[in-house]
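Peer 1: below is the structure, and that's it, no one-letter string:
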């Protein structure tokens with residue numbers, strides 16, 4: 001019994017497709033299966049990076065709240081510097 005998977009179709013640059021075929025040949029897999037493996041690895045790596053960023057942002061938000069800093073941020077008209085006000 002195989003796992004239920006969703007279908008995904010994509011277009012690749014010809015040189016990327018050749019690289020994919022070469023990688024698949026080296027590992028003895030067909031290129032469609034190898035592309036799934038590589039895409040899943042890339043997604044997991046990116047997901048890990050994003051989850052760390054979100055975790056860091058949440059910790060920083062909690063730290064600001066514990067210091068009494070308000071979560072409202074107001075942009076100055078003359079610059080891109082943001083003002084954070086104390087509660």
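Peer 2: Nice, thanks for sending it over. As the structure is a computational prediction, the values presented were derived from the model and not from experiment.
Peer 1: quick check: which ranges of this structure have low pLDDT?
Peer 2: Scanning the chain for pLDDT under 70 picks out 1, 70-87.
Peer 1: can you map out the helices along it?
Peer 2: Ranges of helices within the chain are 14-27, 31-66, based on DSSP state H.
Peer 1: out of the ones you listed, which is closest to residue 6?
Peer 2: Across the helices of the chain, the minimum distance to residue 6, taken as C-beta to C-beta, is reached by helix 31-66, at 11.0 Å. Backbone N, C-alpha and C define where each C-beta goes, glycine included.
Peer 1: can you list the buried residues in that closest one?
Peer 2: For helix 31-66, a neighbour-count test (16 or more other C-beta atoms under 10 Å) marks 31, 34, 35 as buried.
Peer 1: which one of these is nearest to residue 14?
Peer 2: Among those, residue 31 lies closest to residue 14 (C-beta to C-beta), at 13.0 Å.
Peer 1: I figured the closest one hits residue 22, correct?
Peer 2: No: taking contacts as C-beta atoms under 8 Å, residue 31 lies outside contact range of residue 22: 9.3 Å.
Peer 1: picking that back up, can you put the buried residues of helix 31-66 in CSV and add distance to residue 60?
Peer 2: Formatted as CSV, the buried residues of helix 31-66 follow (distance: C-beta to C-beta, whole Å):
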residue, distance to residue 60
31, 43
34, 39
35, 37
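Peer 1: between those, which is closest to residue 5?
Peer 2: Nearest to residue 5 among the buried residues of helix 31-66 is residue 35, at 12.7 Å by C-beta to C-beta.
Peer 1: residue contacts, the residue most central in space within the chain?
Peer 2: The chain has residue 46 as the residue nearest its centroid, 3.6 Å off, counting by C-alpha atoms, centre = their mean. By C-beta atoms under 8 Å, 6 or more residues apart in numbering, the contact list for residue 46 is empty.
Peer 1: what's the separation between it and residue 69?
Peer 2: 31 Å (C-beta to C-beta, to the nearest Å).
Peer 1: now swap in residue 53 and tell me
Peer 2: Separation of residue 53 from residue 69 (C-beta to C-beta): 20 Å.
Peer 1: for residue 20, same thing?
Peer 2: For residue 20, the distance to residue 69 - C-beta to C-beta - is 49 Å.
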